[in-house]
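Q: Give me the fold of what follows.
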Amino acid sequence: MADGAKRRYESPRRRAQADATKRDILAAAQRLFERQGYASTTMAAIAAEAGVALKTVYLAFETKAGVLRAVWNALLRGGDDRPVDEHAWYREVLDEPDPHRRLALNARNSAQGKLRVSAIAEVIREAAPSDEEIGELWGRIQAEYHANQRAVVERLHERGQLAPGIDVERAADILWTINHPNTWQLLVTERGWAPEEYERWAGDTARAQLLPPAGASRRTRRG
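A: Prediction:
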């Protein structure tokens, strides 16, 4: 070991304490971001809300944008750090053979996910034009969500279950729009729809837009 160097040791207890502190900071930041927006929330306010030193917040997340990004990731994955496409609830949609049930499951996931992330997604969307780092985050969120919805559409296409005259790209755009955070914001937050109403509408609209009429789809439902 070099002179002056110290062996780095991190006990499980210390790691658990650090993780708990990070969770406290993220919970505090979420409350502040959702209550007063990104621009009006300072790192000092986050530290005070979490009951920690300002230095602790900087050491854990470096920047305010880093805090917001971490809040988003924690809410999106529900505490599970695996990519979305590795989660059982998403794999269930892709593996479902019946196209009607596949789109119903996708609508269910959309509604349940929005209950977790819709408010912070709106914070990110509003901050994106004035903050380059947050703008990149918003762009990545939309691109990843489009890719996830496209994967659902590709399964329909592979089984010959898409309506005649609609290609994968257009179908992916439609499904992405139906399940986009902005659509939830308009219908649930602005117009007061219940989450269950949104889920029902999202499933019904996706089926009407993407699948053949009932009589024409009988052959492919067995696929």
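
Q: and the residue nearest the centre of the chain, what does it touch?
A: Per CA atoms, centre = their mean, the C-alpha nearest to the average position across the chain is that of residue 76, at 4.1 Å. Residues in contact with residue 76 (CB atoms under 8 Å, 6 or more residues apart in numbering) are 84, 113, 116, 117. Quick note: C-beta positions are derived from backbone N, CA and C, even for glycine.

Q: if we go to 6 Å?
A: residue 117 (CB atoms under 6 Å, 6 or more residues apart in numbering).

Q: can you pull out the strands in the protein?
A: Taking DSSP state E as the criterion, the chain carries no strands.

Q: Pop the domain breakdown of it in here.
A: 13-74, 82-221 (automatic domain parsing).

Q: For those, could you give me TSV that also reports mean neighbour count and mean pLDDT?
A: Formatted as TSV, those follow (neighbours: other CB atoms under 10 Å; pLDDT from 0 to 100):
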stretch	mean neighbour count	mean pLDDT
domain 13-74	16	94
domain 82-221	17	91
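
Q: for residue 164, phi and psi?
A: Dihedral angles phi and psi of residue 164 (degrees, to the nearest 10) take the values phi -60, psi 140.

Q: Helices of the chain, residue ranges please.
A: Counting by DSSP state H, the chain has these helices, from start to end: 12-36, 43-50, 54-61, 64-77, 88-95, 99-127, 132-158, 168-178, 181-184, 195-210, 214-221.

Q: so what secondary structure elements neighbour the longest one?
A: Read it as helix 99-127. Counting contacts by 3 or more CB pairs under 6 Å, 6 or more residues apart in numbering; DSSP states H and E, helix 99-127 is packed against helix 64-77, helix 88-95, helix 132-158, helix 181-184, helix 195-210.

Q: repeat that for 7 Å
A: When contacts are defined as 3 or more CB pairs under 7 Å, 6 or more residues apart in numbering; DSSP states H and E, helix 99-127 packs onto helix 12-36, helix 64-77, helix 88-95, helix 132-158, helix 181-184, helix 195-210.

Q: Then the fifth one?
A: For helix 88-95, the packing partners by 3+ CB pairs under 7 Å, 6+ apart come out as helix 99-127, helix 132-158.

Q: Local confidence estimate at residue 222?
A: On the pLDDT scale, residue 222 is placed at 39.

Q: hmm, back to that, which one, of the helices and strands packed on helix 99-127, ends up nearest to residue 124?
A: Shortest distance between residue 124 and those, using CB to CB, is found for helix 132-158: 5.2 Å.

Q: got the angle between the closest one and helix 64-77?
A: 30 degrees (axes from the mean of the first three to the mean of the last three CA atoms, to 10 degrees).

Q: Number the residues from 58 up from this point.
A: Sounds good: first residue 58 from here, last item helix 189-215.
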